[in-house]
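Enquirer: Provide a 3D model corresponding to the input given below.
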Amino acid sequence: MGFSCFGAFESSKDRREILSQELVTNNVRLFSYNSIRSATGHFHPSNKIGGGGFGVVYKGVLRDGTCVAIKCLSAESKQGTKEFLTEINMISNIRHPNLVHLIGCCVEGSNRMLVYEYLENNSLASALLGSKGKRIYLDWPERAAICLGTASGLAFLHQEAEPHIVHRDIKASNLLLDENLHPKIGDFGLAKLFPDNVTHLSTRVAGTIGYLAPEYALLGQLTTKVDVYSFGVLLLEIISGRSSSKAAFGEDMLMLVEWTWKLKEEGRLLEIVDPELTEYPEPEAMRFIKVALFCTQTSSQQRPSMKQVIEMLSKDVNLNEKLLTEPGVYRPQSSKKAAAYASPKRGKQSVNHFALANQMHSFQSMTDMLPR
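Expert: The predicted structure is shown next:
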C-alpha cells in the first residue's frame with residue numbers, strides 16, 4: 001500500500017502492536033491519525049510550512065493549545081510498526097538544546113508521522129537565504145551564535161549521543177531557529193529510520209548537492225567527517241549570505257567553497273562576507289572562514305572533529321594555514337571521478353595530491369593558542 005496522509009488501521013493486530021509498544025515509548029506521545037488531522041485543519045494547504053526529501057511539514061495546534069510541526073513522511077518504508085517505534089523511542093532519548101525536540105508520532109496503516117516542537121522563525125534557509133519577504137536580518141553576533149550552536153549540536157550527535165549519529169544532510173533548511181534565533185538541528189534521526197532508496201541523490205547516498213563531501217558522494221564512505229564537510233559549507237553560507245546549492249560565482253561559475261578558496265589565494269578572503277553586514281569583527285570573521293576551509297578539505301582525515309571545530313570557533317587561536325589544502329568538491333555533472341575532486345584550474349593533478357594526503361594532523365598542529 002502506498003503512502004498517504006489519510007488512512008486507518010490496517011488490522012486489529014496493528015492496533016494491538018501499537019498499544020503494546022506504548023508501554024516502552026516513555027518519552028514520546030502516540031497520536032491518533034484523527035488528532036493529527038484535526039490539529040492541521042485537515043492538512044489544509046495554508047498550514048503547510050515546508051517539505052523535502054522526507055515529506056511534507058504542517059503547522060498544527062494540539063488540543064491543549066501547543067503549536068507543533070507535523071511531518072508526514074513520504075518514505076517507502078517496509079519497516080514494521082514495532083521497528084518504527086523502537087527507532088522513534090531511541091531518537092526521543094536524545095536531548096540537546098541545539099537539536100529539535102521530537103514530541104511524538106502517529107502510526108496508523110501506512111501512515112508515518114512525526115510531531116516536533118514548533119520553532120517560530122522557521123529554517124535558516126528561509127531566514128537568511130530565502131525571499132526578501134521572509135528574510136530576517138542577522139547581525140554578526142547572531143550569525144556567530146548560530147554557527148557555534150550548530151557545531152555544539154553536531155558534536156553531541158557524533159560523540160555523546162547513544163548510539164552515535166551521523167546526520168548525513170546538514171544544510172540550511174535542516175537548521176531551524178526558535179523565537180530567540182537559537183539554532184536547532186532537525187531530521188537528525190531520519191537517516192536511521194528509512195531505507196537508502198529515499199534520498200536526494202541516488203539509491204545509496206542521502207544528502208543535498210552543494211553540501212556533499214566528495215568521498216561520500218562518490219564512494220559512499222560515511223563517517224562523521226561527512227557532517228563536518230557539510231558544516232563547513234553551512235559556515236560559508238552563514239558568513240556570506242549566499243546559497244551553496246543555488247548560486248555560482250565568478251566567470252568560472254565556481255561553487256561556494258571553490259570561490260572562497262580562490263579569494264584566499266588572491267588575498268581577498270573578506271570579500272566573501274555578506275554585504276549586508278556593515279559592522280563585524282574582521283579577525284573573527286577571517287577565523288570563521290578559515291575554519292570552514294579546514295572543514296571542507298578533500299581528505300576527510302584532514303578535517304577536524306566537531307569538538308575541535310567548537311574550540312577553533314570559540315577561542316582566540318592562530319590557525320596553522322600551512323596545513324590547509326584545497327577544498328574537495330563534488331560535481332554531479334562530471335562523468336569522471338577525478339574531475340569531481342578537482343578545481344577548474346588545478347585539474348586532475350590535485351586528485352593525486354589529496355589521495356596521498358591521508359595522514360591525520362593533531363588539533364595542536366592545526367592551531368596555536370593565543371593568550372587572551
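
Enquirer: residue boundaries of the helices in the protein?
Expert: Secondary structure of the chain (DSSP state H): helices at 12-22, 33-39, 81-92, 124-129, 140-159, 190-193, 214-219, 224-240, 256-265, 282-295, 306-314, 337-341, 349-356, 363-366.

Enquirer: hey, which of these is tucked in deepest?
Expert: With neighbours defined as mean count of other C-beta atoms under 10 Å, the helices of the chain peak in mean count at helix 224-240, which reaches a mean of 25. Glycine gets a C-beta too; all of them are placed from N, C-alpha and C.

Enquirer: Please name every helix or strand in contact with it.
Expert: Of the remaining helices and strands, those touching helix 224-240 by 3 or more C-beta pairs under 8 Å, 6 or more residues apart in numbering; DSSP states H and E are helix 124-129, helix 140-159, helix 214-219, helix 256-265, helix 282-295, helix 306-314.

Enquirer: same thing but 7 Å
Expert: Contact partners of helix 224-240 among helices and strands, from 3 or more C-beta pairs under 7 Å, 6 or more residues apart in numbering; DSSP states H and E: helix 140-159, helix 256-265, helix 282-295.

Enquirer: pLDDT (mean, whole number) over that helix?
Expert: The pLDDT scores in helix 224-240 average 96.

Enquirer: what separates that helix from the chain centre, distance-wise?
Expert: Using C-alpha atoms, centre = their mean, to the nearest Å, we find the averaged C-alpha position of helix 224-240 to lie 9 Å away from the chain's own average C-alpha position.

Enquirer: So which of the helices of the chain is nearest residue 179?
Expert: Evaluated with C-beta to C-beta, the helices of the chain place helix 124-129 nearest to residue 179, the distance being 12.1 Å.

Enquirer: Counting by contacts, list what the closest one packs against.
Expert: Checked by 3+ C-beta pairs under 7 Å, 6+ apart, helix 124-129 has strand 175-177 packed alongside it.

Enquirer: same for the strand it packs on, what does it pack against?
Expert: For strand 175-177, the helices and strands in contact under the criterion 3+ C-beta pairs under 7 Å, 6+ apart are helix 124-129, strand 183-185.

Enquirer: contacting residues around the shortest one?
Expert: Translated: strand 183-185. Applying C-beta atoms under 7 Å, 6 or more residues apart in numbering, the contact partners of strand 183-185 are 98-100, 119, 124, 146, 149-150, 153-154, 167, 174-178.

Enquirer: The same query, at a cut-off of 8 Å, please.
Expert: Residues from elsewhere that reach strand 183-185 (C-beta atoms under 8 Å, 6 or more residues apart in numbering): 97-101, 119, 124, 145-146, 149-150, 153-154, 157, 167, 170, 174-178.

Enquirer: Average pLDDT for it, rounded please.
Expert: Along strand 183-185, the predicted confidence averages to a pLDDT of 96.

Enquirer: do the first one as well
Expert: Per-residue pLDDT over helix 124-129 has a mean of 91.

Enquirer: pull the CA atoms of it into PDB?
Expert: This file holds the C-alpha atoms of helix 124-129, laid out as PDB (Å, rounded to 0.1, in the frame of the first residue of the first chain):
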ATOM      1  CA  LEU A 124      17.900  29.200   8.400                       C
ATOM      2  CA  ALA A 125      17.300  28.700   4.700                       C
ATOM      3  CA  SER A 126      14.200  30.900   4.900                       C
ATOM      4  CA  ALA A 127      15.600  33.400   7.400                       C
ATOM      5  CA  LEU A 128      19.000  34.000   5.600                       C
ATOM      6  CA  LEU A 129      18.700  32.700   2.100                       C
END
